[in-house]
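# Structure, please.
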Amino acid sequence: MSAPDLLLKELRARPRSADRATDIYTMVLFVLVFVLPLARWSTQQIAPAAQWSPPWWTAAIVAVFAAIGVAVAGRTRGPVAVSAPYAEWVVAGPDPLASRLRPSWWRSLLVTVLAVLFVVVVAVVSRSTWPDPVGLATVLAVALGIGVLLAVTWLSGQARRWKTTALLVLLSAGAGLAWTDAWRSLDGDQAWWPLLVLPIALSTMAAVQRALSAIRPSRLRAQAVRWSRVEVFATTADLASAAAVLRAPTHLGRHWRPAFAAPPFVRRDLIGLGRAPGRTVTGLLAAAGSGLLVPVAQEAVTPLIALISVTVAYIGACFLSDGLRFHAFDRERPSAFGVGPAAAALQHLVVPTVLLTVVMGCAAILGGSPHVAVALALLVVACRALSVFKGHMPLELLTPVMTPVGEISSAGRLLWLADAVLVALLVGGTTVSQAEGWDAAAILVVAAGLVAVWARSRWRQ
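Numbering: from 1, shown residues only. Prediction:
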């Protein structure tokens, strides 16, 4: 162990036995209160969908998007996650870089593989019939290979080795194809070629050494500092500031001057979307994915697909409504272009509303439910406005609330933070999954109007 390692070990506070007992007690309660009920609910919701046989290309598309997502996430927070002092004293030292980063990499690999295996086991348990033992072994082997592929892709994205990342994305598509046949083997329809996923995934570990050596210590330190700021804001329930820290600064088009005929804040929103093409494309893809899921959710036997559709639509609204968010944050500033704050807020609602309704409606035409998708887009935009207009957290939510079962003030803060998301999920998910046709569209439009009135009351406060 080097001198910087010894110094950090001496500076690190050693937990006492009482601290370890408290951590174990907290972990056990977390598993009993949250993990087990959530896993049981998931099995009940996945059980009908587990019997569904999707097209052979569905798993490949999902695997490709998952691989691209983890590669992009590596630019913000990769599997090699060290503290800022460790990156400053140890990683930047004279010792080989790969040897210093390898312990963090192995921990992230283990967590990723266990997470994938946990999801697969929950899906297998959700089936109504006992799986074939050989098929179960095949599914677990493929899941293990997919977990390794995702972890290596995540590391490659952090090291910004894009050629290697492209190859790993293609391998992930092949793993998705293998997953389709492996899942069918649970019913006794044996297929041996999916077992090739595991050795191929293990062979990609050969790229780990070069990826670890390609990570710059300065980039590691920047990620550590950024993530520590995110943790500080998140622990103080300031999720907006935490998300702002994660956003990359925009450098494109600083001198663009909009000249087309439109209200001033609509022009500014359109220019802003052009200056952040990554966020714009992500929001449009999320809107299109939600629109594609709306017809499927109306025919599904479980509301899980409807909840996923609403969640994806809300994510798309978040990416496409930055102008509204900035205006709500700076509403106390003097008005620009001779437009009052309320009129400016209405203009900021134009772009996300039009984009979401058009994209989701066009995507849902394939399934014959464009009117439901358009109504869902209106509800999601209203919920987004409800979220950004809430302002700062009331001080009374920060005071302790003692009950016979303990202190529950955190529950009030959580409800305050997630009220708009909960409204979108409960109203949108229930309506899309339970109502049909124009009845669903009418309910969603009425709900959007009521949420808009609620958002207006928050704005006036």
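# longest helix of the chain?
Assignment by DSSP state H gives helix 97-125 as the longest helix of the chain.
# Show me what it is packed up against.
Counting contacts by 3 or more C-beta pairs under 8 Å, 6 or more residues apart in numbering; DSSP states H and E, helix 97-125 packs against helix 36-50, helix 133-159, helix 208-214. Glycine gets a C-beta too; all of them are placed from N, C-alpha and C.
# Show me which of those has the highest average neighbour count.
Comparing the helices and strands packed on helix 97-125 by mean neighbour count (mean count of other C-beta atoms under 10 Å), helix 133-159 comes out on top with a mean of 23.
# relative orientation of it and helix 97-125 in degrees?
When axes from the mean of the first three to the mean of the last three C-alpha atoms, to 10 degrees is applied, the directions of helix 133-159 and helix 97-125 differ by 140 degrees.
# what's the next secondary structure element after helix 133-159?
Later in the chain than helix 133-159, the nearest helix or strand by DSSP states H and E is helix 162-184.
# hang on, the earlier thing: minimum distance to residue 454: which of the helices and strands packed on helix 97-125 has it?
Set against residue 454 and scored by C-beta to C-beta, the helices and strands packed on helix 97-125 come closest in helix 36-50, at 28.1 Å.
# Next SSE downstream of the closest one?
Note on helix 36-50: by DSSP H and E, the next helix or strand toward the C-terminus is helix 58-73.
# Centre of the chain to that next one, how far?
Put simply, helix 58-73 sits 12 Å off its chain's centre (C-alpha atoms, centre = their mean, to the nearest Å).
# Determine the set of other helices and strands touching that helix.
Helix 58-73 sits against helix 133-159, helix 162-184, with contacts defined as 3+ C-beta pairs under 8 Å, 6+ apart.
# Format those as TSV; extra columns: mean pLDDT.
Formatted as TSV, the helices and strands packed on helix 58-73 follow (pLDDT from 0 to 100):
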stretch	mean pLDDT
helix 133-159	89
helix 162-184	86
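# Report the secondary structure state of the spatially most central residue of the chain.
Residue closest to the average C-alpha location in the chain (C-alpha atoms, centre = their mean): residue 315, at 8.4 Å. The assignment at residue 315 comes out as helix when based on DSSP: H, G, I helix; E, B strand; the rest coil.
# isn't it right up against residue 286?
Yes: under the criterion of C-beta atoms under 8 Å, residue 315 makes contact with residue 286 at 4.8 Å.
# what about the helices in the stretch 251-400 of the chain?
Using DSSP state H, counting those that start in this stretch, the helices of the stretch 251-400 of the chain run over residues 264-275, 277-299, 304-320, 322-329, 341-348, 350-364, 370-388.
# and residue 216, which of the ones you listed is closest to it?
When these are compared by C-beta to C-beta, helix 277-299 sits nearest residue 216, at 21.5 Å.
# Just give me how far that closest one sits from the chain centre.
Offset of helix 277-299 from its chain centre (C-alpha atoms, centre = their mean): 14 Å.
# With stretch 181-195 instead?
Its chain's C-alpha centre and that of stretch 181-195 lie 30 Å apart, by C-alpha atoms, centre = their mean.
# for it, which positions count as buried?
181, 182, 183, 184, 185, 186, 194 (16 or more other C-beta atoms under 10 Å).
# Was I right to think residue 39 contacts residue 123?
No: Residue 39 is beyond contact range of residue 123, at 11.1 Å (criterion: C-beta under 8 Å).
# and the nearest residue to residue 345 once chain neighbours are set aside, how far is that from residue 416?
Closest residue to residue 345 apart from its sequence neighbours, by C-beta to C-beta, 6 or more residues apart in numbering: residue 327 at 6.0 Å. Going from residue 327 to residue 416 by C-beta to C-beta, to the nearest Å gives 21 Å.
# For those two, indicate the residue with more neighbours.
residue 327 (23 against 13; other C-beta atoms under 10 Å).
# ok, the more buried one - contacts?
265, 341, 344, 345, 348 (C-beta atoms under 8 Å, 6 or more residues apart in numbering).
# Buried deepest among the helices of the stretch 251-400 of the chain, which one?
By mean count of other C-beta under 10 Å, the helices of the stretch 251-400 of the chain have helix 370-388 as the most buried, with a mean of 27.
# Which elements pack onto it?
Applying 3+ C-beta pairs under 8 Å, 6+ apart, one finds that helix 370-388 makes contact with helix 277-299, helix 304-320, helix 322-329, helix 350-364, helix 409-423, helix 437-460.
# Columns distance to residue 131 and mean pLDDT on top of those, output as a markdown table?
Converted to a markdown table, those look like this (distance: least, C-beta to C-beta, whole Å; pLDDT from 0 to 100):
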| stretch | distance to residue 131 | mean pLDDT |
| --- | --- | --- |
| helix 277-299 | 25 | 87 |
| helix 304-320 | 21 | 89 |
| helix 322-329 | 46 | 81 |
| helix 350-364 | 35 | 90 |
| helix 409-423 | 35 | 81 |
| helix 437-460 | 36 | 89 |
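# Distance to residue 136 for those - can I get that in a markdown table?
As requested, the helices and strands packed on helix 370-388 are exported to a markdown table (distance: least, C-beta to C-beta, whole Å):
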| stretch | distance to residue 136 |
| --- | --- |
| helix 277-299 | 28 |
| helix 304-320 | 23 |
| helix 322-329 | 46 |
| helix 350-364 | 36 |
| helix 409-423 | 36 |
| helix 437-460 | 39 |
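# right, and those - which one's nearest residue 200?
The nearest among the helices and strands packed on helix 370-388, by C-beta to C-beta, is helix 277-299 at 28.1 Å.
# what residues does that closest one touch?
Here helix 277-299 makes contact (C-beta under 8 Å, 6+ apart) with 247-248, 252, 273-274, 303, 305-306, 308-310, 312-313, 315-320, 322, 355-356, 359-364, 366-369, 372-373, 376-377, 432-433, 436, 440.
# on that earlier part again, between the longest helix of the chain and helix 58-73, how many degrees?
Using the same axes, to 10 degrees: helix 97-125 against helix 58-73 is 150 degrees.
# per-residue confidence averaged over helix 97-125?
On average, the pLDDT along helix 97-125 is 84.
# May I see the buried residues of that helix?
Residues of helix 97-125 classed as buried: 97-98, 100-101, 104-105, 108-109, 112-113, 116, 120, 122-124 (neighbour count, 16+ other C-beta under 10 Å).
# do the same with stretch 411-423
For stretch 411-423, a neighbour-count test (16+ other C-beta under 10 Å) marks 412, 417, 420, 421, 423 as buried.
# Pull the contacting residues for the last one.
Read that as residue 423. By C-beta under 8 Å, 6+ apart, the contact list for residue 423 reads 383, 386, 451.
# In contact with the last one, which residues?
Remark: with contacts taken as C-beta under 8 Å, 6+ apart, residue 451 is in contact with 379, 382, 383, 385, 386, 423.
# who are the neighbours in contact with residue 385?
By C-beta under 8 Å, 6+ apart, the contact list for residue 385 reads 324, 345, 349, 451, 452, 455.
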